[in-house]
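Visitor: I need the structure of the sequence given here:
(one chain, ligands or ions: 1)
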Amino acid sequence: MIDRLLKFLDASPVNFLAAKQLSDALSQAGFRRLDPCEPLGKVKAGDQFFVTKNDSSVCAFRLGRKPMAEAGFRMICAHCDSPTFRIKPNAEIACEGGLVKLNTEVYGGPIMSTWFDRPLTLAGRVIVKGDDALSPRTLLLHVKRPLLQISNLAIHFNRQVNDGVKLSKQKDMLPLLGIITGELEKGNLLMNVICGELDVKPADVLDFDLYLADATPACTFGVHDEFISSGRLDDLSMCYAGLEALLAAPSGDTTQVLAIFDNEETGSQTKQGAGSPFLASLLKRIALSQSGTEEAFYQAVERAFMVSADNAHAWHPNYPEKYDLTNHPVLGGGPVIKFNAAQKYASDAVSAAVFAEVCREAGVPCQRFVNHSDVAGGSTLGNILASSIPLRGVDMGNAILAMHSCRETGSVADHEYCVRAFTRFFS
Ligand code: ZN
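Guide: Sure thing, here's the model as predicted:
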């Protein structure tokens, strides 16, 4: 099971590729890709389909034997974007000796120092000419070799480097791409890579959304191979656990929903983010198709339950003072229910009780997380979704170390626990 997760992580260096992996897996499992431009038509029990938005969000549905108005729906949601660096337009910067570096912009909140001195690559989407101006074509790009590196300043130029360094997003985070070997390459180094990889002509390339990605494959480590080392565990590990559970779960009375959103790391306020009506309008269309009234949608929402799955912080043995006194989940201790008195998380006693019972039924341990009261902590999808669809739900996730590092640390056992708990939830 863990090998499948590692493969998925390696094939998903950025949001667009993750959405493609999820879509391909759904198609292979017999889920129909629906074109949101077309009418939904009459849906029936057992139907399996999915819809994508912006090539970067995916919502999949397996309809239950009972209409949603009667049996509600069970939903797992997660996000497929992770902190990284976006390549700016006109990115090439020519330097001394023909060296070329790329201009970048920060996406989300990475631990920037973790991006230094490691082989990086490029991934994302490239937009090429289509039939007319309003219908360009999208090609996905994943350069599968080390292509760039952001190099540190030698310690001899900064003896205080180990006392902490303030980093400039604009000055320090620009990766080296190559050395120009001739006139023809001047200003074209990046375009040559894009065109070579995709087999397209420079004149056809209209624009791109390209990002830096770690070029080193995900792996397990530890005496018993009990840990996972990978970028983007937050939140691709939850996306993949949700997918495995959806594909493993039998169909039943209740509709099953897997909703994977883009742009959680920048606040979810995009057309493909959890703050948009994307999911709500799909649920409305299904409810209308089943029952013929909008009323059905509101009944479905009242009967539904959401698991908002986003990674949690594992207890770090080097920094115990950062954690709550009595609630500090550990690696390998099972899925984590997240609480926050200021309601940054959707969990309350009712929804936590539901999820803890699901874990118990699945034979899976479960833990609880609360921030150290002097630490602000993060937020996630649950309440953003609940603000447009008032769903009962829980915020949870597997515990990881070094969240938003280029290379996070997770637990093999937790992944297996999570898939079991999610499968039970859908069943
Ligand atoms: Zn996250």
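Visitor: contacting residues for the residue nearest the centre of the chain?
Guide: Nearest to the mean C-alpha position of the chain, by C-alpha atoms, centre = their mean, lies residue 80 at 1.8 Å. By C-beta atoms under 8 Å, 6 or more residues apart in numbering, the residues touching residue 80 are 12, 15, 18-19, 22, 56-58, 235-236, 239, 260-262. Where you see a C-beta, it was placed from the backbone N, CA and C, and this is true even at glycine.
Visitor: Return the closest of the residues you listed with respect to residue 184.
Guide: Nearest to residue 184 among those, counting by C-beta to C-beta, is residue 15 at 33.3 Å.
Visitor: right, and the closest one touches residue 56 too?
Guide: Yes: using C-beta atoms under 8 Å, residue 15 is in contact with residue 56, at 4.5 Å.
Visitor: ok, those two, which is more surrounded?
Guide: residue 15 (32 against 25; other C-beta atoms under 10 Å).
Visitor: Give me the pLDDT for that one.
Guide: On pLDDT, residue 15 comes in at 97.
Visitor: separation between residue 355 and residue 273?
Guide: Taking C-beta to C-beta, to the nearest Å as the measure, residue 355 and residue 273 are separated by 24 Å.
Visitor: cool, residue 423 as well?
Guide: 27 Å.
Visitor: So for the two, which residue has more residues nearby?
Guide: Legend: neighbour count by other C-beta under 10 Å for residue 423 and residue 273, higher for residue 273 (23 against 19).
Visitor: give the contact list for that one.
Guide: Taking C-beta under 8 Å, 6+ apart, we find residue 273 in contact with 57, 261-264, 267, 384.
Visitor: Phi and psi next, for the closest residue to the ion within the stretch 301-427 of the chain.
Guide: Proximity of the stretch 301-427 of the chain to the ion (C-beta to the ion) peaks at residue 310, 4.1 Å away. Backbone torsions of residue 310, given as degrees, to the nearest 10, read phi -150, psi 140.
Visitor: List the contacts of it.
Guide: 78-79, 234-235, 238, 264, 380-381, 395-397.
Visitor: Residue 274 too?
Guide: Contacts for residue 274 were tallied using C-beta under 8 Å, 6+ apart; they are 77, 79, 259, 261, 264, 268, 381, 384-385.
Visitor: 10 Å instead?
Guide: Contact analysis of residue 274 by C-beta atoms under 10 Å, 6 or more residues apart in numbering lists 57, 77-79, 259-264, 267-268, 308, 380-389.
Visitor: helix, strand or coil for it?
Guide: Counting by DSSP: H, G, I helix; E, B strand; the rest coil, the backbone at residue 274 sits in coil.
Visitor: what does the model give it for pLDDT?
Guide: 87.
Visitor: distance of it from residue 398?
Guide: Residue 274 is 19 Å from residue 398, where distance means C-beta to C-beta.
Visitor: what does residue 42 give?
Guide: 39 Å.
Visitor: And these two? Which one has more around it.
Guide: Higher neighbour count among residue 42 and residue 398: residue 398, with 31 against 8, using other C-beta under 10 Å.
Visitor: from what I can see, residue 211 looks like it's in a strand, true?
Guide: Yes: counting by three-state DSSP, residue 211 falls inside a strand.
Visitor: anything in contact with each of residue 15 and residue 56?
Guide: Both residue 15 and residue 56 are contacted by 80-81, 124-125, 209, 260-263, 272, under the criterion C-beta under 10 Å, 6+ apart.
Visitor: Closest one of those residues to the ion?
Guide: Distances from the ion to the shared contacts of residue 15 and residue 56, taken by C-beta to the ion, are shortest for residue 81, at 8.6 Å.
Visitor: any idea how far the closest residue to that closest one other than its chain neighbours is from residue 27?
Guide: Sequence neighbours aside, residue 15 is the residue nearest to residue 81 in space, at 4.4 Å (criterion: C-beta to C-beta, 6 or more residues apart in numbering). Note on residue 15: its distance to residue 27, by C-beta to C-beta, is 19 Å.
Visitor: Thank you, goodbye.
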